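Novice: Predicted model and sequence follow; I will ask about them next.
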Amino acid sequence: MTLDFDSHSRLGVELASIRDRLVSLSVLISNNYTAGSRLELTARRMTEKLDEVRSQLDNEVVREFENSLPINTLLSAYYPDPEDRVVWEQWWQDPPVNATWDGTKWRITEASA
């Protein structure tokens, strides 16, 4: 048994919203615990594992409905527009930072209080 397309779309919005939240929480953990620590690495893997599930489901929805729906519709099931996702309230305060672009990458330093 497989999901119908509406169920795939709803699941896609839920998983994309959860991923967005996990990224925020992972940043919170990374900002407060040692970079490269077991905790920080495990927090990062939360998002990576969810990405694997979304990718596999994305492959399935394309395989299941490729002959009946436009490809753009299928590709947006598990990667919906940001405005279609759930947004949670951020209850923590991010540390102030200074971000500068050096021409090749962003340089981020903690701002003075």
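Specialist: Done, it's in. Residues are numbered from 1 along each chain as shown.
Novice: And whatever helix or strand M46 lives in, what's buried?
Specialist: The secondary structure element spanning M46 is helix 38-65 (assigned by DSSP states H and E). Under the neighbour-count criterion of 16 or more other C-beta atoms under 10 Å, helix 38-65 has 40, 43, 46-47, 50, 54, 57-58, 61, 64-65 buried. Glycine gets a C-beta too; all of them are placed from N, C-alpha and C.
Novice: can you give me how far it is from the chain middle?
Specialist: Using C-alpha atoms, centre = their mean, to the nearest Å, we find the averaged C-alpha position of helix 38-65 to lie 9 Å away from the chain's own average C-alpha position.
Novice: same check, this time on stretch 91-111
Specialist: What separates the centre of stretch 91-111 from the centre of its chain is 20 Å, taken as C-alpha atoms, centre = their mean.
Novice: Okay, now it: how far is its last residue from its first?
Specialist: Stretch 91-111 stretches 21 Å from its first residue to its last (C-alpha to C-alpha, to the nearest Å).
Novice: Now for F5: which residues touch it?
Specialist: The contact partners of F5, by C-beta atoms under 8 Å, 6 or more residues apart in numbering, come to 61, 65, 69, 77.
Novice: okay, the second one: pLDDT?
Specialist: Looking at F65, its pLDDT stands at 96.
Novice: just for this protein, where's the confidence low?
Specialist: Segments of the chain classed as low confidence (criterion: pLDDT under 70) are 112-113.
Novice: Tell me, how many residues neighbour L74?
Specialist: 20 (other C-beta atoms under 10 Å).
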